[in-house]
Each structure stands twice: as C-alpha cells, then as structure tokens.
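# Take a look and give me a structure for this.
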Amino acid sequence: MTTTKLTISNGSRQSLQDQVQGIYAILRDVYEQSPWSLAQIEADVTQGNTTYFFAEQAGDLVGFLALQDLMGELELTNLAVKRAYQGRGIAKRLLQSLSEEQSSIFLEVRQSNVAAQYLYQTFGFEPIGQRKNYYHNPVEDALIMKRE
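Residues are numbered from 1 along each chain as shown. Model prediction:
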C-alpha cells in the first residue's frame, strides 16, 4: 500500500478562491449542508484576523483549522476533516500546528461530540462553561473549552 504524505500549511501556496472553495467543500462534506455560505467564508478569509491551517494530501484539501484573533483573545472557530479522511490523525496534526501558540485559546464544541472533546483535552483544553442552545440543526448546547 502506498501512502501519500500529509502536508500542513497556512495556505500561502493556494489562491484565495481555492481556499474559499476548499473550505466550503469540506464543510459541505462534514455537515451535509455548510453552516457558512461562500460569502461568509470569503469574508472570514480576507478580513485578516483569522489564520487558516490546511491539511493537504496528494494535492487534495482534506481538512482545515481556523484560529480567529478577537481583540487579543484567540478562538478556534473551526476544525473540520473530510469524512473519507477522518480517523487518520489529521485533526490531531492540525491541532499540533497550534503548539507554538503562546496565547490562551478557547473554543466551543457540541455537548454530544465526545470524541472532539477528548481530542481537545489531549491538547490541554479544559471545560470552563456552557452556552445554551448554541448550535442549530439540531439545537444543542456548546461546551466552552480553554487552553491557557
């Protein structure tokens, strides 16, 4: 069996349009219907306070992580991996790209997404609170986690 190397980058090799289309395709694959429109993704990519890390395999964008700077506080706003590539350690590799980040980082995760909560805990995130009815389709509470 041949394995293709996984590359993690900040997207500097990709055009803006490729980044936007790739993010949208991953979100549609993971959620069946993207919670963000193409226009929302493009605005996020271009506004300058969100850093994206991309996972590519054989030239195919297979996952991404978005880290937003909210006036000096960092929020991990999205971490998604195409379904066909899940379970291969790609989310872990994307989270490793944050290992040099010295600032505290917070995130929200669905209360039912125990696998993601466990993954975040292995990277030092701890539960600090809850947001009622934060998610839609289906409506669900969010667990707030933070890494100091």
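# By mean pLDDT, which helix or strand of the chain comes out lowest?
When each helix and strand of the chain is scored by mean pLDDT, DSSP states H and E, strand 6-9 comes last, with a mean of 83.
# Packing partners of the helix or strand that Leu67 is a member of?
Using DSSP states H and E, Leu67 maps to strand 60-70. Counting contacts by 3 or more CB pairs under 8 Å, 6 or more residues apart in numbering; DSSP states H and E, strand 60-70 is packed against helix 16-31, strand 50-57, strand 73-81, helix 90-96. Placement of C-beta: from N, CA and C, glycine included.
# Mind listing what's buried along it?
61-68 (16 or more other CB atoms under 10 Å).
# Show me how far it is from its chain's centre.
Between the centre of strand 60-70 and the centre of its chain there are 5 Å (CA atoms, centre = their mean, to the nearest Å).
# And stretch 121-141, by the same measure?
For stretch 121-141, the distance to the chain centre is 14 Å (CA atoms, centre = their mean).
# Find the residue closest to Tyr135 in space, skipping its chain neighbours.
Arg110 (5.7 Å; CB to CB, 6 or more residues apart in numbering).
# Show me what counts as buried in stretch 85-102.
85-86, 88, 90-91, 93-95, 97-98.
# will you turn these into TSV that also has pLDDT and distance to Ala116?
Formatted as TSV, these follow (pLDDT from 0 to 100; distance: CB to CB, whole Å):
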residue	pLDDT	distance to Ala116
Tyr85	96	15
Gln86	95	11
Arg88	94	15
Ile90	96	13
Ala91	97	8
Arg93	95	15
Leu94	96	12
Leu95	96	10
Ser97	89	17
Leu98	87	15
